[in-house]
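S.K.: sequence unknown, structure follows:
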């Protein structure tokens, strides 16, 4: 299938697909990998039934059979925000690699034409008699390099689950790559990917990539032993500044926000856009300078609103703050309630009224309230 993909007015790409993905979500993932797209977006297509006017693509069956024109419409997906930014605006504000949620399932990208041809022949042989492909060092290196190029769009520090999802997807798409004698057929691919990403990070560190440099080994101040900083990208996520934006422009945006938050009714849309534009500068200050909380509040007062805290959490962790908090609370709820009940039984707690309310109506909302009150009481006792 041949696609004409409009990313922006200045970038219109031609994409050829061997097979049509089974769903719109998988088509979005394929376009992300093929066109190096970042951030959240929806797809629109030219509908021939309406004179080729654009319509949102919600069902993959709506696409014309052989050729189609798609438009990528980027959206701002921060929590508590219903604002939508046009393509040019978001493109100018996005960093070289945004913090993007890991795809589930992971979509294996296309390799070079010769590699794809070799694996096609090998897959046919595997389907016929179960013969696995004898992979040369050069072919394996090309496969790992291509996978590393895709992985780095999401994180420089994949987790164990990330590696396993890639290895599973790889042998599922190309069963000829299964390991003979292995129970699952993909364990060695996990180890190879780990080594490849380690070498990839070394190259990025030599090139001066901030996110990798900030996690490098350093000598301890009072010890000769090397101290390894946390590798988690969500802790030390350090994106590059938006393309074309200088440090002077970023500082001007920060000063504009300082004035805006002092207004009785600040421009929420403007603050949203400015917070995105200054994200790189803010992360470098917080990670690199490690300022005190009051210093951060003084320089970035807009950050300390419920809306912007949620949006910043989304930018760094790629998850919804409230949802993550409630999931953690639900996981610990039973333990907290057991402590709470024990405290009431021993008459060391004055929250018996909350327990009585919970006994009368044992809903999830009441259980959360009781757990939070218990945790708050323990915190007050400690302090």
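M.R.: Now that the structure is in, tell me what you want to look at. Predicted model only: the values in this text are computed from it and were never measured. Numbers count the residues shown, from 1 in each chain.
S.K.: Shouldn't residue 74 be within a helix?
M.R.: No. According to DSSP: H, G, I helix; E, B strand; the rest coil, residue 74 belongs to no helix; its state is strand.
S.K.: Show me the beta-bridge partners of it.
M.R.: residue 41 (DSSP bridges).
S.K.: For it, the count of nearby residues, please.
M.R.: 22 (other CB atoms under 10 Å). Heads up, the C-betas are built off the backbone N, CA and C, glycines and all.
S.K.: I'd say it and residue 44 touch.
M.R.: No. Checked against CB atoms under 8 Å, the pair residue 74 and residue 44 is beyond contact range at 11.6 Å.
S.K.: pLDDT below threshold where in this structure?
M.R.: Scanning the chain for pLDDT under 70 picks out 9-10, 38-40, 75-100, 211, 214-237, 340-362, 373-383.
S.K.: quick check: domain ranges of it?
M.R.: Under the assignment automatic domain parsing, the domains of the chain span 2-75, 113-211, 247-316, 321-382.
S.K.: Could you provide these in TSV, with additional columns for distance to residue 105?
M.R.: Supplementary listing: the domains of the chain in TSV, determined by distance: least, CB to CB, whole Å:
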stretch	distance to residue 105
domain 2-75	8
domain 113-211	6
domain 247-316	22
domain 321-382	21
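S.K.: looking at these, which is closest to residue 103?
M.R.: Nearest to residue 103, of all the domains of the chain, is domain 2-75, at 5.2 Å by CB to CB.
S.K.: distance between the closest one and the chain's centre?
M.R.: Remark: domain 2-75 is offset 21 Å from the chain centroid, using CA atoms, centre = their mean, to the nearest Å.
S.K.: Check stretch 243-254 too.
M.R.: 24 Å.
S.K.: Show me which residues of that stretch are buried.
M.R.: 245, 250, 253-254 (16 or more other CB atoms under 10 Å).
S.K.: could you pull out the helices for the stretch 151-300 of the chain?
M.R.: 160-173, 187-206, 210-213, 247-260, 268-277, 279-284, 293-299 (DSSP state H, counting those that start in this stretch).
S.K.: And the buried residues of stretch 243-254, which two are furthest apart?
M.R.: Taking CB to CB, no two of these sit farther apart than 245 and 254, at 12.1 Å.
S.K.: Make TSV out of the buried residues of stretch 243-254 and add distance to residue 49.
M.R.: Putting those into TSV (distance: CB to CB, whole Å) gives the following:
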residue	distance to residue 49
245	42
250	46
253	44
254	49
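S.K.: Can you tell me which of these is nearest residue 299?
M.R.: Closest to residue 299 out of the buried residues of stretch 243-254 is residue 254 (7.1 Å), distances taken as CB to CB.
S.K.: what residues are up against the closest one?
M.R.: Residue 254 sits next to 274, 278, 281, 299-300 when contact means CB atoms under 8 Å, 6 or more residues apart in numbering.
S.K.: now those residues: which count as buried?
M.R.: 274, 278, 281, 299-300.
S.K.: State the pair within the residues you listed that is farthest apart.
M.R.: For the buried ones among the contacts of residue 254, and using CB to CB, no pair is farther apart than 274 and 299, which are 13.3 Å apart.
S.K.: re the thing from before, how about the helices of the stretch 151-300 of the chain in CSV, adding distance to residue 16?
M.R.: Shown next, in CSV, are these (distance: least, CB to CB, whole Å):
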stretch, distance to residue 16
helix 160-173, 18
helix 187-206, 27
helix 210-213, 33
helix 247-260, 39
helix 268-277, 33
helix 279-284, 35
helix 293-299, 48
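S.K.: just so I know, which of the ones you listed lies nearest residue 101?
M.R.: helix 160-173 (11.5 Å).
S.K.: Count residues in the vicinity of residue 239, would you?
M.R.: Residue 239: 19 neighbours (other CB under 10 Å).
S.K.: Report the buried residues of stretch 258-274.
M.R.: Residues 260-261, 271-274 are the ones in stretch 258-274 that count as buried (16+ other CB under 10 Å).
S.K.: Looking at these, which one is closest to residue 318?
M.R.: Nearest to residue 318 among the buried residues of stretch 258-274, with distances taken as CB to CB, is residue 272, at 17.3 Å.
S.K.: Let's verify residue 44: helix, strand, or coil?
M.R.: strand.
S.K.: Contact partners for it?
M.R.: 54-57, 70-71, 73.
S.K.: Could you report the neighbour count for residue 157?
M.R.: Residues near residue 157, counting by other CB under 10 Å: 19.
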